[in-house]
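# Structure, please.
(one chain, ligands or ions: 1)
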Amino acid sequence: MGHFLIVGILVIAVSVLTYFGLDAVGLMPVQASAQAVSIDWLWNWEIVAISFLFSLIVVPMTYSLIVFRRKKGDTGDGEHIEGNTPLEIAWTVVPLLIVLVFAYMGAYSLGEIRRIDPDALVINVKAQQFVWTFEYPEYGIISKELHLPLNQQVLLKMQSADVIHSFWVPEFRIKQDVVPGRVTEYRITPTLLGDYKVRCAELCGSSHAYMEGPVIVNTQAEYDTWISEQAVIAAEAAKTPEGQGELLTVKNGCIGCHSLDGSKMTGPTWLNLYGSDVKLEDGSTVIADDAFITESILYPQAKEVAGFAPTVMPPYALNETEIANIIAYLKTLK
Ligand SMILES: [Cu+2]
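Okay, here's the model as predicted:
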């Protein structure tokens, strides 16, 4: 009986140490949403169960290896044990109960996460290779930044323009796939002011790793200011061809592949593009004039720019005015 008592105490001690050890590693980033609370609660109990199971296996095994190791000169066989019905019933029933309890806790947590606020603020999200764009339908605003007001439930209606992406802000905990051909929903109530990042969590192509966008949780007042500023910017931009061109490049996600600051992304930078000499894959050079840019938008595969994958840019069926506006905008990037 002495062995059982010692092993029992050791199992409890090692469980506690494992639990606090795992806790100290700080596996989770800050908790920044109401939905994160029930997820972290469930996660915590899972860590408790894992710590206990780990120690339940490792402690008796280690104890047996040390205490019951073969004595010098002992060549006999160990005692032969044939079955133990109460033990088998116990190790069937107890895990079954634990699994049922966790199933209940999981369902409860899912219910908490899916809780619907009928007054949720709706924001449309577009995912495409390799950029996130956010549209505030009530205000006609399109932005690369997702601004959210504190303590207000937001309903993101997410669509993909090409392949499967996945919307993931680790601090909010919830992750949701964005699947072409349907609208997936994601509800979140931010509870902590701060700057976060949405990351694409579904391998979606060559620049998947860079498919990130800023997520900013504001106070209601800051949020209102941002919205009215953006509304003014959008209204101003709509008045000039350059402004409309810029909006089109955000809306169509061009800037997910083309940088404005000279850095190389999936596509060539647009800084000083207009009027420059562009080297093509076949060794020739063309001038980036209206004709070349128009062709590059309508038929991206017609001419291959040297050093870039020829097939990644999808063709865009934009009309003449839209293309003229984009060209007007490209001219301003000097
Ligand atoms: Cu993606």
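
# Could you use CA atoms for every contact and neighbour count after this?
Noted.

# Tell me which residue of the stretch 101-250 of the chain lies closest to the ion.
His165 (4.1 Å; CA to the ion).

# Tell me who's in contact with that residue.
127-128, 177-179, 200-204 (CA atoms under 8 Å, 6 or more residues apart in numbering).

# Show me which residues of the helix or strand that contains Pro86 are buried.
Per DSSP states H and E: Pro86 is located in helix 85-113. Within helix 85-113, the residues that qualify as buried by neighbour count (16 or more other CA atoms under 10 Å) are 102, 105-106, 109, 112-113.

# Rebuild the residues you listed as TSV, extending it with pLDDT and distance to Val16.
Shown next, in TSV, are the buried residues of helix 85-113 (pLDDT from 0 to 100; distance: CA to CA, whole Å):
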residue	pLDDT	distance to Val16
Phe102	96	20
Met105	95	22
Gly106	96	23
Ser109	94	25
Glu112	91	29
Ile113	91	29
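
# Around the ion, pick out the residues from the stretch 151-300 of the chain.
165, 200, 204 (CA under 5 Å from the ion).

# Inside strands: which ones of those?
Under the assignment DSSP state E, those contribute 165, 200 to strands.

# coming back round to it: residues in a beta bridge with the residue of the stretch 101-250 of the chain closest to the ion, which ones?
Val178 (DSSP bridges).

# State the distance from it to Gly307.
26 Å (CA to CA, to the nearest Å).

# ditto for Ile216
Distance from Ile216 to Gly307, by CA to CA: 35 Å.

# ok, now Ala120?
In terms of CA to CA, Ala120 sits 46 Å off from Gly307.

# Those two: which has the busier surroundings?
The residue with more neighbours, out of Ala120 and Gly307, is Ala120; 15 against 11, by other CA atoms under 10 Å.

# from what I can see that one touches Asn151, true?
No. Using CA atoms under 8 Å, Ala120 makes no contact with Asn151, being 10.6 Å away.

# What residues does Gly262 make contact with?
Residues in contact with Gly262, defined by CA under 8 Å, 6+ apart, are 269-271.

# mind checking which helix or strand it is in?
Going by DSSP H and E, Gly262 is not part of any helix or strand.

# Angles on the backbone of it, please.
Backbone torsions of Gly262, given as degrees, to the nearest 10, read phi 90, psi -10.

# quick one, strands of this structure?
Under DSSP E, the chain gives strands at 121-128, 131-136, 141-143, 146-149, 154-160, 165-168, 175-178, 184-188, 194-200, 212-218, 277-279, 285-287.

# which stretch in the ones you listed has the least confidence?
Comparing mean pLDDT over those, the weakest stretch is strand 141-143, at a mean of 88.

# list the buried ones in stretch 177-184?
177-180, 183-184.

# now swap in stretch 271-279 and tell me
The neighbour-count check on stretch 271-279 (16+ other CA under 10 Å) flags 271-274, 278-279 as buried.

# how close does the residue of the chain positioned farthest from its centre sit to the ion?
For the chain, the C-alpha farthest from the mean C-alpha position belongs to Gly73; by CA atoms, centre = their mean, that distance is 61.5 Å. Gly73 sits 65 Å away from the ion, going by CA to the ion, to the nearest Å.

# all helices for the chain, in order.
According to DSSP state H, the chain carries its helices in the segments 2-25, 34-67, 85-113, 220-237, 241-251, 290-298, 320-331.

# Quick check: which helices or strands does the third one pack against?
Yep, that's helix 85-113 we're talking about. With contacts taken as 3 or more CA pairs under 8 Å, 6 or more residues apart in numbering; DSSP states H and E, helix 85-113 sits against helix 34-67.
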